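Chemist: Fold the stuff below for me.
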Amino acid sequence: MNKDYIIEQLKKQIEGFESSVSEESVGTVLEVGDGVARISGLAGAMASEMVEFPNGDLGVVLNLEEDQVGIMLLGDMKVIKEGDVVKSTGKILSVPVGEKMIGRVVDALGMPLDGKGEIKTDVRYPVEKIAPGVITRKSVHQPLQTGIKAIDALIPVGRGQRELIIGDRQTGKTAVAIDTIINQKGQGVKCIYVAIGQKESKVARIVSMLEEAGAMEYTTVVVAGAAMPVSLSFMAPYTGTAIGEYFMDKGEDVLVVHDDLSKHAAAYRQISLILRRPPGREAYPGDVFYLHSRLLERSAKLNEENGGGSLTALPIIETQGGDVSAYIPTNVISITDGQIYLESDLFYKGIRPALNVGLSVSRVGSSAQIKAMKQVAGTLRLDLAQFRELEAFAQFGSDLDDKTKKLIERGKRGVEMLKQAQYSPLSVEHEVAALYALTRGHLDDVAVEDLVEWEKNFHDYLNNEGKAVIDSLQQEKALTPAVEDLLKEYIQKYKDITAIA
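Modeler: Coordinates of the predicted model:
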């Protein structure tokens with residue numbers, strides 16, 4: 001090659017050279033282990049700031065100490081080693097949100113896990129955000145129908161409420177949440193199911209069930225599986241809430257299920273202990289209450305000036321041996337607006353959902369019910385409470401007066417009527433019709449053991465012959481004299497048909 005040509009090229013490059021100075025905040029890895037790294041340097045780091053490791057993985061700043069920074073790793077810690085240079089990004093941890101997230105299964109960073117390709121969205125929301133203030137909120141007044149008779153009648157959930165689902169393992173907590181998601185079909189509610197520390201096989205079954213029911217059309221599943229880094233279990237509920245807040249800010253209604261916050265607290269405890277934060281009660285760090293309060297306070301019903309959207313939360317807590325007075329259960333009970341308490345003994349007796357009516361409560365109450373449901377459910381809780389008091393005397397049937405016998409018989413039918421198969425939520429009109437038949441004495445002559453079959457066939461009858469009843473309940477949303485007469489007429493017609501059969 002010609003020497004003059006090379007000189008000419010070098011001259012051109014020298015002439016076009018522009019020097020620039022860029023400033024980067026960097027630190028050095030001192031130690032790494034169990035999903036946490038300690039960094040020397042990064043003097044300007046912010047809490048919850050994202051930092052980048054040499055392999056491109058991210059971490060989040062959790063501890064700001066005098067001479068070092070504690071980082072929670074969001075990637076594979078095996079490739080990070082002592083002496084690696086860590087760069088500050090200057091960005092607070094955020095996740096992708098938007099319409100494209102609907103129908104997808106994502107991890108706690110918003111990255112797809114379902115093999116359906118990249119999620120193309122330009123909008124990102126911070127994972128941690130200050131909850132809406134009192135002035136921007138409106139009192140909860142619209143029902144969020146779960147499709148489960150016992151809950152909609154006795155412990156109603158409203159849009160913008162935080163209702164805790166609590167109970168021992170294997171009592172049907174997830175089943176209640178999944179039924180509620182399935183029941184939102186056609187109700188205009190976007191759903192987010194957050195699986196925290198769950199087995200991937202269980203999550204796959206849930207996703208398959210939601211697809212089968214057509215619920216994935218309006219649902220996002222956020223997964224932090226048991227095999228994933230513990231940092232993702234810590235992040236997942238905040239990610240799910242951030243995805244929901246996008247829709248709430250647009251004036252839409254959203255339901256977020258956190259399954260479950262016991263594992264979330266355990267993940268936070270693990271990270272905190274490795275970061276050498278002082279342990280408190282049950283070895284949880286002192287700010288474990290704030291961990292859940294700052295998450296659940298983001299659920300709200302906004303007023304019209306702020307778009308009128310809502311974010312409803314159904315956090316799940318697993319108890320040990322029915323102990324609701326343990327540390328994490330009492331924390332979350334005090335943050336939420338009521339609890340649905342599922343009891344092992346009832347579950348094993350075949351009463352499913354295994355709802356303990358005495359310990360379950362909704363602090364929103366009948367504000368979250370349509371008028372027709374208030375009218376039929378008003379006496380139901382009292383009937384069941386009286387039945388539980390008198391149940392012990394039921395075995396001495398011959399010694400009881402007629403009024404007591406009647407209460408016991410009505411209570412038995414109430415317990416039977418509130419049983420409901422999994423993955424079969426009912427519309428509120430069907431619930432009202434069935435509970436009306438129970439509370440107004442139309443089922444007193446139906447044998448208790450025949451009640452489940454009677455009810456199943458009654459719903460089929462209303463769908464086919466009794467469309468007028470369902471339509472009028474949908475329209476009026478109350479038991480007006482005309483609607484009540486129509487309902488009585490069709491109950492009697494159905495009873496006549498079954499009597500002939």
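Chemist: would you list every one of the helices in the stretch 51-200 of the chain?
Modeler: In the stretch 51-200 of the chain, the helices defined using DSSP state H, counting those that start in this stretch lie at 149-154, 173-183, 200-212.
Chemist: Would you mind measuring the gap between the ends of stretch 334-352?
Modeler: Stretch 334-352 has an end-to-end distance of 26 Å (Cα to Cα, to the nearest Å).
Chemist: buried set for it?
Modeler: Neighbour counts over stretch 334-352 (16 or more other Cβ atoms under 10 Å) mark 335-344, 346-347, 351-352 as buried. In short, each C-beta sits where N, CA and C put it, glycine included.
Chemist: Format the helices of the stretch 51-200 of the chain as TSV; extra columns: distance to Ile130.
Modeler: Converted to TSV, those look like this (distance: least, Cβ to Cβ, whole Å):
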stretch	distance to Ile130
helix 149-154	31
helix 173-183	27
helix 200-212	30
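Chemist: Figure out which of those helices is closest to Val36.
Modeler: Among the helices of the stretch 51-200 of the chain, helix 200-212 comes nearest to Val36, with 23.5 Å by Cβ to Cβ.
Chemist: Does anything pack onto that closest one? Which helices or strands?
Modeler: Applying 3 or more Cβ pairs under 8 Å, 6 or more residues apart in numbering; DSSP states H and E, one finds that helix 200-212 contacts helix 173-183, strand 189-196, strand 219-224.
Chemist: Buried residues of that helix, list them for me.
Modeler: For helix 200-212, burial by neighbour count (16+ other Cβ under 10 Å) applies to 203, 206-207, 209-210.
Chemist: Any idea how far it is from the middle of the chain?
Modeler: Its chain's average C-alpha position is 16 Å from that of helix 200-212, according to Cα atoms, centre = their mean, to the nearest Å.
Chemist: can you check stretch 320-338 too?
Modeler: Distance of stretch 320-338 from the chain centroid (Cα atoms, centre = their mean) equals 16 Å.
Chemist: Quote the end-to-end distance of it.
Modeler: 20 Å.
Chemist: again with stretch 222-230
Modeler: By Cα to Cα, the extent of stretch 222-230 from end to end equals 14 Å.
Chemist: contacting residues around that stretch?
Modeler: Stretch 222-230 is contacted by residues 34-35, 73-77, 105-108, 113, 192-200, 203, 232-233, 235-236, 239-240, 243, 267, 270-271 when judged by Cβ atoms under 8 Å, 6 or more residues apart in numbering.
Chemist: Give me the subset of the residues you listed that lies in strands.
Modeler: Using DSSP state E, the subset of those located in strands is 73, 105-107, 192-196.
Chemist: Leu232: what's it in contact with?
Modeler: With contacts defined as Cβ under 8 Å, 6+ apart, the neighbours of Leu232 are 74, 107-109, 224.
Chemist: Model confidence for it, exactly?
Modeler: Looking at Leu232, its pLDDT reads 95.
Chemist: what stretches of the stretch 301-450 of the chain score poorly on pLDDT?
Modeler: Counting by pLDDT under 70, the stretch 301-450 of the chain has low-confidence residues at 394-398.
Chemist: Where does the residue most central in space within the chain fall, secondary structure wise?
Modeler: Geometric centre of the chain, nearest residue: Val257, 1.0 Å, by Cα atoms, centre = their mean. With secondary structure defined by DSSP states H and E, Val257 is part of strand 253-259.
Chemist: which neighbours does that strand have in its sheet, and in what orientation?
Modeler: strand 189-196 (parallel), strand 310-318 (parallel) (DSSP bridges).
Chemist: That one vs helix 173-183, what angle?
Modeler: Calculated by axes from the mean of the first three to the mean of the last three Cα atoms, to 10 degrees, strand 253-259 forms an angle of 160 degrees with helix 173-183.
Chemist: okay, the angle between strand 253-259 and strand 219-224?
Modeler: Interaxial angle of strand 253-259 relative to strand 219-224 (the same axes, to 10 degrees): 30 degrees.
Chemist: Strand 253-259: how far from the chain's middle?
Modeler: Distance of strand 253-259 from the chain centroid (Cα atoms, centre = their mean) equals 4 Å.
Chemist: With stretch 56-71 instead?
Modeler: Offset of stretch 56-71 from its chain centre (Cα atoms, centre = their mean): 30 Å.
Chemist: got it, and stretch 115-129?
Modeler: Relative to its parent chain, stretch 115-129 has a centroid offset of 20 Å by Cα atoms, centre = their mean.
Chemist: next one: stretch 70-86
Modeler: That offset, for stretch 70-86, works out to 32 Å (Cα atoms, centre = their mean).
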